[in-house]
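Peer 1: quick check, what structure comes out for this input:
(chains A and B)
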Protein chains: 2
Amino acid sequence: MKAFQDYYGESVSHCYGCGSLNQHGHRIKTTWDGDETLTRFNPEPFHTAVPGFVYGGLIASLIDCHSTGTAAAAMYRAEGRAMDTLPAFRFVTGSLNVSYLKPTPLGVELELRGKVQEIKGRKVVVETTVLANGVATALGTVVAVQMPEDFGTA
Amino acid sequence: MKAFQDYYGESVSHCYGCGSLNQHGHRIKTTWDGDETLTRFNPEPFHTAVPGFVYGGLIASLIDCHSTGTAAAAMYRAEGRAMDTLPAFRFVTGSLNVSYLKPTPLGVELELRGKVQEIKGRKVVVETTVLANGVATALGTVVAVQMPEDFGTA
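Peer 2: Here you go, the predicted structure:
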């Protein structure tokens, strides 16, 4: 199954979190899993907070890109459109809230599961849970906003 | 002037965001600047969101470590203790909220400025502003919690 990020155009494929063209970045891949979205990610050994546990900034980064990807996919789905149809839906992060529920162990594959809470105009609210060994360790809420045509020029 | 992070003990110096011993990480350095705290950081060229702009996950990461460092320094200051005195104050992130006000340009030194909003028991609330060319581009609020003795074992 192609991931959401595989549909991103060249101009939005340089993101450190999810751009397939960023050789230094995380290059996460997100897919639908029923009504949820799913990203699996293996942190590197150096992505540490204190030894043995995953750095919270990485967790925030994963939630961010997982959620903006979910927002785009949700908008296509809401409009009954395939993800390779134009015009493309691309989202940026308006706000990112992360609650760290417990330390996230390093050395296991993390699972991020997203749920679309609301679609309202150009905004999509996504709730994303981070799980390690099936246990929720962080909970994120992202307000994703459709990328303006003039992004970065206004 | 020694940075807050220069006082961190070995066990908490492996953090990807602020650990001086993490060769892969950001190794931020934070100091007092009057009643505010200050971190200066130069993102790498590959820390991109879309080309020309800084990745939001990096911004969240910088806010996170800047704020937990600020929390520790604030607690020492509140107790009238020097940062090299024991027992050490070390903080983890309870929650992290970031509002992205506008795109953050890549290629300029970023400035993070923290203000202590509240110290209450083991919690410190820090508000951190990210500035590029003197313009605020993101606003973060971190609830930092004193690291429990049994961190990661409970």
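
Peer 1: list the contacts for the residue nearest the centre of chain A?
Peer 2: Per C-alpha atoms, centre = their mean, the C-alpha nearest to the average position across chain A is that of A:H66, at 1.0 Å. Neighbour list for A:H66: A:28, A:30, A:37, A:39, A:112, A:114, A:128 [criterion: C-beta atoms under 8 Å, 6 or more residues apart in numbering or on different chains]. All C-beta spots, glycine's among them, are computed from the backbone N, C-alpha and C.

Peer 1: show me the shaky parts of chain A.
Peer 2: A:152-154 (pLDDT under 70).

Peer 1: let's see it at 90
Peer 2: A:1, A:9-12, A:87, A:147-154 (pLDDT under 90).

Peer 1: quick one: the strands in it?
Peer 2: A:30-33, A:36-41, A:91-100, A:110-120, A:123-132, A:135-146 (DSSP state E).

Peer 1: quick one: the second one near chain B?
Peer 2: No: contact between strand A:36-41 and chain B is absent, the nearest approach being 12.4 Å (criterion: C-beta under 8 Å from any C-beta of the partner chain).

Peer 1: then the longest one?
Peer 2: No: on the criterion C-beta under 8 Å from any C-beta, strand A:135-146 is out of touch with chain B, staying 8.9 Å away.

Peer 1: ok, the first one next?
Peer 2: No: for strand A:30-33 and chain B, the contact criterion (C-beta under 8 Å from any C-beta) is not met; the two come no nearer than 14.5 Å.

Peer 1: and the nearest residue to A:G134 once chain neighbours are set aside, bridged to which residues?
Peer 2: In space, and not counting its chain neighbours, A:G134 is closest to A:E111: 7.9 Å by C-beta to C-beta, 6 or more residues apart in numbering or on different chains. Counting by DSSP bridges, A:E111 forms beta bridges with A:R40, A:L131.

Peer 1: return the residues in contact with A:E111.
Peer 2: A:38-40, A:130-132, A:134.

Peer 1: cool, A:V12 as well?
Peer 2: A:V12 neighbours (C-beta under 8 Å, 6+ apart): A:19, A:90, A:147, B:50.

Peer 1: surely A:E118 and A:V124 touch.
Peer 2: Yes: between A:E118 and A:V124 a contact is recorded at 7.1 Å, counting by C-beta atoms under 8 Å.

Peer 1: higher neighbour count, the two?
Peer 2: More neighbours surround A:V124 than the other of A:E118 and A:V124, with 27 against 11 (other C-beta atoms under 10 Å in any protein chain shown).

Peer 1: what's opposite that one in the beta bridge?
Peer 2: Assigned bridge partners for A:V124, using DSSP bridges, are A:I119, A:A144.

Peer 1: can you pull the contacts of it?
Peer 2: When contacts are counted by C-beta under 8 Å, 6+ apart, A:V124 touches A:70-71, A:74-75, A:91, A:116, A:118, A:143-144.

Peer 1: could you do A:G140 as well?
Peer 2: A:60, A:63-64, A:67, A:96-99, A:127-130.

Peer 1: equivalent analysis for A:E79, please.
Peer 2: Under the criterion of C-beta under 8 Å, 6+ apart, A:E79 has no contact partners.

Peer 1: one more: A:M1?
Peer 2: A:T31.

Peer 1: for B:E109, see how far away it is.
Peer 2: From A:M1 over to B:E109 the distance is 42 Å, taken as C-beta to C-beta, to the nearest Å.

Peer 1: now swap in A:A82 and tell me
Peer 2: 43 Å.

Peer 1: the more surrounded of the two?
Peer 2: Shown here are A:A82 and B:E109; by other C-beta under 10 Å, B:E109 has more neighbours (11 against 8).

Peer 1: just checking, that one touches B:L38?
Peer 2: No: assessed by C-beta under 8 Å, B:E109 is found out of contact with B:L38, at 11.6 Å.

Peer 1: still on that earlier bit, make TSV out of the contacts of A:H66 and add neighbour count.
Peer 2: Formatted as TSV, these follow (neighbours: other C-beta atoms under 10 Å in any protein chain shown):
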residue	neighbour count
A:I28	23
A:T30	25
A:T37	24
A:T39	28
A:L112	25
A:G114	27
A:T128	24
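
Peer 1: for those residues, which one is nearest chain B?
Peer 2: Lowest distance from chain B to those (C-beta to the nearest C-beta) belongs to A:I28, with 10.4 Å.
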